[in-house]
Structure formats: C-alpha cells, structure tokens
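**Q** following is a predicted model, sequence given first.
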Amino acid sequence: MHQERAVQTRRQILESAAILFDQNGYAGTSVKDVADHVGMTKGAVYFHYPSKEALTVAVVQAHYDRWPRLLEAVQAEGLGPMDTLVELLDRTAMTFRDDAVVQGGARLMMEQPLVEGSLPQPYVGWVDLIELLLTQAMDAGELREGVSPTAAAHTLVAAFFGTQHISARLDLRVDLVKRWEEARDLLSYALRA
C-alpha cells in the first residue's frame with residue numbers, strides 16, 4: 001500500500017511538473033512551483049526527485065516512454081507500411097494534444113540548451129523510424145517512384161514537429177490534430193504511389 005502511494009505521488013509530481021514546464025518553460029518553473037501545484041512541500045518533491053534537473057530528466061524520459069507503446073498499438077492493427085505511418089503520426093498528434101507529460105517534455109526538448117542534465121537527442125529516433133517505415137513502403141510498392149525514404153523521413157519529421165510547435169505556441173495545441181491532418185494529406189499525396 002505504501003509503495004503504491006509513493007508511485008502515485010511520483011506520478012502526480014511528474015504530471016504537475018510537466019504542466020508547469022509546458023506553460024512556463026524550464027527557467028520559469030521552480031521546485032516550489034511544482035510543490036505548490038501538486039499541493040505538497042518542497043521537501044516532499046525533493047524526496048522523490050532530488051533536484052530540478054532530475055525532475056526535468058524524468059519528464060523528458062516519460063515523454064519518450066510514450067512512443068514505443070504507441071508504435072506497438074499501431075503495429076498490432078496489421079496495416080501496411082504507409083497506413084502504419086499515417087496512423088502513427090495521427091495518434092502522435094492526438095497524444096501531443098492531450099497528454100500533459102508529452103507537452104512538458106516537448107517544451108523541455110525545445111529548451112534543451114537551457115536545461116542542465118543529460119537529455120536525449122531530439123528527433124533522431126523519429127527520423128530513423130519513419131525512414132524504416134518509408135523503406136518498407138517502397139519495398140511494398142506503396143511509395144511514389146523516385147521518392148527517397150531518407151529525404152521524405154526528414155521532411156515528415158520537420159513537418160510534424162513544426163506543426164506541433166506552431167500549434168503549441170499559437171493555440172495551445174487545440175488545433176493540432178486539424179493542422180496535422182492538413183499537412184498529412186498534402187504530404188501523403190506527394191508520397192503515396
């Protein structure tokens with residue numbers, strides 16, 4: 001029972017920190033802000049996360065932990081490579097819109113030079129995954145003739161994350177799914193065989 005309560009408390013702290021990091025950025029969020037937001041003392045936050053940097057790394061890691069599970073869920077549907085790619089990015093857009101930890105992690109990754117501690121290199125995993133799916137699509141005859149999976153992967157990642165960032169800054173991601181659908185339809189037209 002005590003361990004379950006500790007896990008729940010850590011999750012509450014993490015989610016509160018993610019919300020505040022997304023709203024105020026790394027520099028604009030203190031451990032005291034997180035403690036106040038979650039309704040506990042700074043000491044209680046420090047008990048679970050020994051520093052602001054540790055909390056930052058935990059938010060970013062939780063952000064990245066979302067993606068393998070999402071990919072597994074999409075792959076379980078048994079779609080072809082192009083449809084898998086589209087479904088994955090559509091669900092990713094919904095996750096960015098709805099998940100506070102993903103939102104906070106994204107803001108922290110944008111502010112990476114300001115953030116102390118070791119954070120993952122952003123976007124690289126996405127480029128590699130999308131290139132793999134596009135290569136599979138090419139092998140399956142689903143990719144338009146002459147399209148480079150490498151170039152297309154870089155373009156898709158830039159389009160997706162650019163759309164996500166603009167939506168986050170202008171509309172708090174409320175319009176993200178709609179804006180991504182517009183970009184996706186245009187890019188799909190250029191990529192599909």
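**A** Sure thing, it's come through.

**Q** sticking with the residue most central in space within the chain, tell me its helix or strand.
**A** The structure's the chain has its C-alpha centroid closest to V102; by Cα atoms, centre = their mean the separation is 4.7 Å. Using DSSP states H and E, V102 maps to helix 100-110.

**Q** for that helix, list the C-alpha coordinates in PDB.
**A** In PDB, the C-alpha atoms belonging to helix 100-110 read as follows (Å, rounded to 0.1, in the frame of the first residue of the first chain):
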ATOM      1  CA  ALA A 100       0.500  16.800 -20.300                       C
ATOM      2  CA  VAL A 101       3.700  14.800 -19.900                       C
ATOM      3  CA  VAL A 102       4.300  14.800 -23.700                       C
ATOM      4  CA  GLN A 103       3.600  18.500 -23.800                       C
ATOM      5  CA  GLY A 104       6.000  19.300 -21.000                       C
ATOM      6  CA  GLY A 105       8.700  17.000 -22.400                       C
ATOM      7  CA  ALA A 106       8.300  18.700 -25.800                       C
ATOM      8  CA  ARG A 107       8.800  22.200 -24.300                       C
ATOM      9  CA  LEU A 108      11.900  21.000 -22.400                       C
ATOM     10  CA  MET A 109      13.400  19.500 -25.500                       C
ATOM     11  CA  MET A 110      12.900  22.800 -27.300                       C
END
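
**Q** other SSEs contacting it?
**A** When contacts are defined as 3 or more Cβ pairs under 8 Å, 6 or more residues apart in numbering; DSSP states H and E, helix 100-110 packs onto helix 2-24, helix 52-75, helix 81-98, helix 149-171. In short, each C-beta sits where N, CA and C put it, glycine included.

**Q** if we use 7 Å, what do you get?
**A** Secondary-structure packing of helix 100-110 (3 or more Cβ pairs under 7 Å, 6 or more residues apart in numbering; DSSP states H and E): helix 2-24, helix 52-75, helix 81-98.

**Q** which ones are touching the closest residue to T41 other than its chain neighbours?
**A** Computed as Cβ to Cβ, 6 or more residues apart in numbering, the closest residue to T41 that is not its neighbour in sequence is A35, at 5.9 Å. Residues in contact with A35, defined by Cβ atoms under 7 Å, 6 or more residues apart in numbering, are T41, K42, A44, V45.

**Q** try it again at 10 Å.
**A** I13, S16, A17, T41, K42, G43, A44, V45, Y46 (Cβ atoms under 10 Å, 6 or more residues apart in numbering).

**Q** hmm, the fifth one is touching P50, no?
**A** Spelled out, it's K42. No. Using Cβ atoms under 10 Å as the test, K42 is too far from P50 to be in contact (11.8 Å).

**Q** and of the contacts of A35, the nearest to L191?
**A** Proximity of these to L191 (Cβ to Cβ) peaks at A17, which lies at 37.7 Å.
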